[in-house]
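Enquirer: Predicted model and sequence below, questions to follow.
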Amino acid sequence: MSEEAQRAVALLQTRWREFSDVRTLADVLVERGGRTQHVTGALLLKAPASIRFEALSPFGSPLLIATIHDGQLVLYNAASNSATVGPATPDTAGRLFSLAVAPDELVGLLAGRAVPPKDLRVATVLPADEHGVSLEMIGALHRQRVWMDLATGLVRRIQITGGRIEALLIYQHADDGTLAGFDLAAAQDNVTGTVRYRNLVIDAGIEPERFHLTIPAGASIERLR
């Protein structure tokens, strides 16, 4: 690993350690298999690996709630009073969200930060292409290519490949550098979408209890393996 690559990895690690939490409204548009879904929801992120997303009805009540916390994934559908519960792993994330990554990596991706793999084996700064300079990081599960500002650590694009994983996130930023959302292409472009953030609040503090989801009594439960 060259000194330049070491500095780039250290910069990403510093930005990740400095990150605490995000709360925002998210406008999500996803196209999958010829079907288009559009939903607006409330998104909470808390480092290192907690997520809560509430898809809201036009009247503001939650239609669907998804949480990842303490290594557990819970998905509750209010309309059908049904829930899906299972371990929060790259496999379950891939099946449900088309992003087969670990919970901390998913938090980082949604927050516009690249999380270097804990088992980092190789890191290389690649020559600039039409999108700029990028850092390639290879771990046990997958390969990340991160287009970033080597001075500030601002991430512009992340490409993840390896095994069944293939995804590209292109980040959108406001003029002041604030994260405005991202565009997504995954599963060999069979899944595409846009996510746009509104009323973004960063590092204001979120109680861990917000990520606990109690499934209502009487709900049918599917357990993932």
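Expert: Okay, I see it. Residues are numbered from 1 along each chain as shown.

Enquirer: what are the ranges of the helices in this protein?
Expert: 3-18, 90-97, 103-110 (DSSP state H).

Enquirer: can you redo these as CSV with mean neighbour count, mean pLDDT and distance to S80?
Expert: For glycine as for every other residue, the C-beta is placed from the backbone atoms N, C-alpha and C. Putting the helices of the chain into CSV (neighbours: other Cβ atoms under 10 Å; pLDDT from 0 to 100; distance: least, Cβ to Cβ, whole Å) gives the following:
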stretch, mean neighbour count, mean pLDDT, distance to S80
helix 3-18, 16, 96, 37
helix 90-97, 18, 77, 16
helix 103-110, 23, 94, 25
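
Enquirer: what about stretch 144-154, start to end distance?
Expert: 15 Å (Cα to Cα, to the nearest Å).

Enquirer: going forward, begin numbering at 17 instead of 1
Expert: Sure thing, new numbering starts at 17, so read that last one as stretch 160-170.

Enquirer: what about the lowest-mean-pLDDT helix or strand in the chain, distance to the chain center?
Expert: Lowest by mean pLDDT, DSSP states H and E among the helices and strands of the chain is helix 106-113, with a mean of 77. Centroid separation between helix 106-113 and its chain, computed with Cα atoms, centre = their mean, to the nearest Å, is 12 Å.

Enquirer: Once you drop chain neighbours, what's closest to I181?
Expert: Computed as Cβ to Cβ, 6 or more residues apart in numbering, the closest residue to I181 that is not its neighbour in sequence is A116, at 4.5 Å.

Enquirer: Help me confirm that that neighbour comes into contact with L125.
Expert: No. Counting by Cβ atoms under 8 Å, A116 does not reach L125; the two are 11.5 Å apart.

Enquirer: if we can go back for a sec, how many other residues sit next to the residue nearest to I181?
Expert: Residue neighbour count, defined by other Cβ atoms under 10 Å, stands at 26 for A116.

Enquirer: Quickly note the distance from it to V123.
Expert: 15 Å (Cβ to Cβ, to the nearest Å).

Enquirer: re earlier: columns distance to I174 on top of the helices of the chain, output as JSON lines?
Expert: JSON lines is the format used below for these (distance: least, Cβ to Cβ, whole Å):
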{"stretch": "helix 19-34", "distance to I174": "11"}
{"stretch": "helix 106-113", "distance to I174": "15"}
{"stretch": "helix 119-126", "distance to I174": "7"}
